[in-house]
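**Q** need a 3D model of the sequence below.
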Amino acid sequence: MSHTAILHCQQLGMTYTEGPDDVEVLSSINLHIEPGERIAVVGQSGSGKSTLLHLLGGLDLPTAGSVWIDGQEMSRLSDAKRGLVRNQYLGFVYQFHHLLPEFTAIENVAMPLLIRGTDTQQAKQKAAELLSDIGLGHRLEHRPVELSGGERQRTAIARALVTEPAIVLADEPTGNLDEKTAQGVFEMMMELNTRINTALVMVTHDTGLANKMDKVFHLERGTLSEVGK
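**A** All right, here's what the predicted structure looks like:
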């Protein structure tokens with residue numbers, strides 16, 4: 001195991017109980033993520049890709065194995081402590097933007113900083129700078145309903161990156177966008193990954209995008225294996 005890994009999991013497994021049956025979704029998964037590394041996870045619908053991201057991000061706890069973030073085993077932490085670790089080290093991007101509809105773009109992006117305890121003015125300044133960097137400086141005061149699909153997703157990505165997290169976990173971040181917009185959003189994520197040195201773990205069904213990452217892993221029947229490029 002690399003000692004520079006920000007996040008790693010060992011023998012990770014997840015089994016759900018459905019009535020009298022146990023359904024194994026993930027089994028014996030080992031993964032090590034280095035600073036700035038870009039990893040794609042591909043697989044058929046229902047193969048457990050989203051479940052894997054939830055476990056890596058400490059949103060759910062595994063039934064077997066362990067997840068470590070910056071040397072801390074997530075399953076040994078309280079709910080409150082796991083929340084602090086997520087806020088400090090992780091950013092999340094989903095297929096649907098999950099922006100808070102009652103808040104403006106700048107307020108949505110500033111939210112993780114405010115949760116961290118950053119001064120309001122400072123948080124909004126950093127949010128404004130990041131939104132300007134991605135071409136949304138003219139949309140700071142617009143609410144999600146007033147933004148296009150691509151603008152909403154770029155705002156969601158800015159929210160994930162505003163704390164300069166060690167890792168961004170992205171679940172089909174371009175899956176709800178047209179091809180041109182999806183390519184633009186992907187290129188923005190790559191540029192920010194390079195500039196901030198944030199590691200990126202992206203679940204995607206788009207093999208073209210996946211092959212632009214450093215490593216590609218295939219999830220099938222609960223087992224994760226690296227795909228040669």
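
**Q** phi, psi of the residue nearest the centre of the chain?
**A** Taking C-alpha atoms, centre = their mean, the centroid of the chain lies closest to residue 169, which sits 1.7 Å from it. The phi/psi pair for residue 169 (degrees, to the nearest 10) reads phi -100, psi 120.

**Q** quick one: residues contacting it.
**A** Taking C-beta atoms under 8 Å, 6 or more residues apart in numbering, we find residue 169 in contact with 53, 56-57, 90-93, 201. In short, each C-beta sits where N, CA and C put it, glycine included.

**Q** which ones are touching the nearest residue to residue 61 once chain neighbours are set aside?
**A** In space, and not counting its chain neighbours, residue 61 is closest to residue 75: 5.1 Å by C-beta to C-beta, 6 or more residues apart in numbering. Neighbouring residues of residue 75 by C-beta under 8 Å, 6+ apart: 61-62, 66-67.

**Q** pull out the buried residues from these.
**A** 62, 66-67 (16 or more other C-beta atoms under 10 Å).

**Q** re the thing from before, out of the contacts of residue 75, who's nearest residue 44?
**A** residue 62 (21.4 Å; C-beta to C-beta).

**Q** what is the mean pLDDT for the longest helix anywhere in the chain?
**A** For the chain, the helix with the greatest residue count under DSSP state H is helix 179-196. Here helix 179-196 scores 78 as its mean pLDDT.

**Q** past it, which element shows up next along the chain?
**A** For helix 179-196, the following helix or strand on the C-terminal side (DSSP states H and E) is strand 199-203.

**Q** which elements pack onto the following helix or strand past that next one?
**A** Remark: after strand 199-203, the chain's next helix or strand is helix 207-210, criterion DSSP H and E. Where contact means 3 or more C-beta pairs under 8 Å, 6 or more residues apart in numbering; DSSP states H and E, helix 207-210 is packed against strand 38-42.

**Q** now do the strand it packs on and strand 199-203, the angle between them.
**A** 10 degrees (axes from the mean of the first three to the mean of the last three C-alpha atoms, to 10 degrees).

**Q** so which residues of the chain form strands?
**A** Along the chain, counting by DSSP state E, strands occupy 7-18, 21-33, 38-42, 64-69, 72-73, 90-93, 167-171, 199-203, 215-220, 223-227.

**Q** and of the ones you listed, who's closest to residue 141?
**A** strand 90-93 (22.6 Å).

**Q** what lies in contact with that closest one?
**A** 57-58, 69, 112, 153, 156-157, 159-161, 163, 165-171, 173, 189, 198.

**Q** which residues does residue 69 contact?
**A** With C-beta under 8 Å, 6+ apart, residue 69 has these contacts: 6-7, 58, 85, 89-90, 166-167.

**Q** name the helix or strand of the protein that has the lowest mean pLDDT.
**A** Least confident helix or strand of the chain, by mean pLDDT, DSSP states H and E, is helix 179-196 with a mean of 78.

**Q** run through who's touching that helix.
**A** 36, 38, 93, 134, 149-150, 153-154, 157, 161, 164, 168, 170, 173-175, 177, 198-200, 202, 206, 209, 212.
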